[in-house]
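*Asks:* Turn this into a model:
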Amino acid sequence: MSTVIARRIASTPVRTASQTWELIVDLLAPSSDSDARRELEMAAGAACSSISSEATKDAPIVIWGAGPRVRVYCVFDDDAITGDRVNEAMLSRCPTDGDWSMSIPCLPEDIDWSKKKLASVSSRITARSRDDDVDGDDSSESTASGLSVNVEEFMQS
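*Replies:* Next up is the predicted model:
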C-alpha cells in the first residue's frame, strides 16, 4: 500500500484561483529555480481553470513519483474563510524531486481543452475528469504484504 499525504488549501473567497495555484506550486516545488517549478508554473492556465470551477473540491490534484502520493484538495466558501478542514503545512519531502507525474481534475466539459493545454506545456502533468480515478490509484483496494481485498466480494457478505 502506498503512503498518501493530503493537503487542503483555502481558495475562494480567501484567495483567487491563481493565488491558490501559486501556494500549491510553493508546496510541491519549493525551490524557485527548479525545473519542476517552471513546469508547474506553465500549467497555471489549466490548473486555475480547475480550481475556479471547484473541480478540486472533491477530486484532488494528485502527484506521485518516488515518494508518497500527494493529494491536494481546495477548500471553498465558508470553510475557506473559517479554515475548517484546511491544512496548508509544508511537506517533509519534495514530491517533484526525481521522476514525478501529476493529474489535475477538470469538469467534464473542460477536459478536452485542459488535456490539450497541458500537453503543450508538460509531459508530466495531465488532466482527467473529476469523475475519473487516477491511473494506478489504489484507493479502492487495500494491499499489504502481498494480500489484497476484493471490495466487491467483501461488500456482498
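*Asks:* Quick check: which ranges of the chain have low pLDDT?
*Replies:* The chain contains residues with pLDDT under 70 at 1-2, 135-157.
*Asks:* Name the nearest residue to the residue nearest in space to the middle of the chain, ignoring sequence neighbours.
*Replies:* Centroid check for the chain by Cα atoms, centre = their mean gives residue 61 as the closest residue, at 1.3 Å. The spatially closest residue to residue 61, leaving aside those adjacent along the chain, is residue 72, at 4.3 Å (Cβ to Cβ, 6 or more residues apart in numbering). C-betas here are computed from N, CA, C, even on glycine.
*Asks:* tally of neighbours for that neighbour?
*Replies:* Per other Cβ atoms under 10 Å, the neighbour tally for residue 72 reads 23.
*Asks:* is it fair to say it lies in a helix?
*Replies:* No. Counting by DSSP: H, G, I helix; E, B strand; the rest coil, residue 72 is not part of a helix but strand.
*Asks:* which residues pair with it across the strands?
*Replies:* residue 7, residue 61 (DSSP bridges).
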